[in-house]
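K.L.:
Next input, structure requested:
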Amino acid sequence: MSSLTVTSTEQASLTLRPEDVNRIKLDGTDRRYGDWRDDLVRDGYAVIKGAIPRERALSYANRMYGLIESL
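P.N.:
Next up, the predicted model:
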């Protein structure tokens, strides 16, 4: 039985489209916005008040606690 080894070398290039220029980079080199986007870059998440109605958020929390308690 014989074997064959193939080695390939590829170079990847990144081309920014005009609409990509304003995207958040999440690498610490992005500009400061003064809003929730700074929290997202720094912490990896952002809390946005009012994004989900209170009743739905409480329902999600109850289901999460129920799942944890079932383990």
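
K.L.:
Low-confidence regions, the protein specifically.
P.N.:
Along the chain, the parts satisfying pLDDT under 70 run over 1-21, 26, 28.

K.L.:
mind redoing it with 80?
P.N.:
Flagging of the chain using pLDDT under 80 yields the residue ranges 1-30.

K.L.:
Tell me which stretches of it form helices.
P.N.:
Under the criterion DSSP state H, the chain contains helices at 36-43, 54-70.

K.L.:
now those helices as TSV including mean neighbour count and distance to residue 23?
P.N.:
C-betas here are computed from N, CA, C, even on glycine. Shown next, in TSV, are the helices of the chain (neighbours: other C-beta atoms under 10 Å; distance: least, C-beta to C-beta, whole Å):
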stretch	mean neighbour count	distance to residue 23
helix 36-43	14	11
helix 54-70	9	28
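
K.L.:
Which one, of those helices, ends up nearest to residue 22?
P.N.:
helix 36-43 (10.9 Å; C-beta to C-beta).
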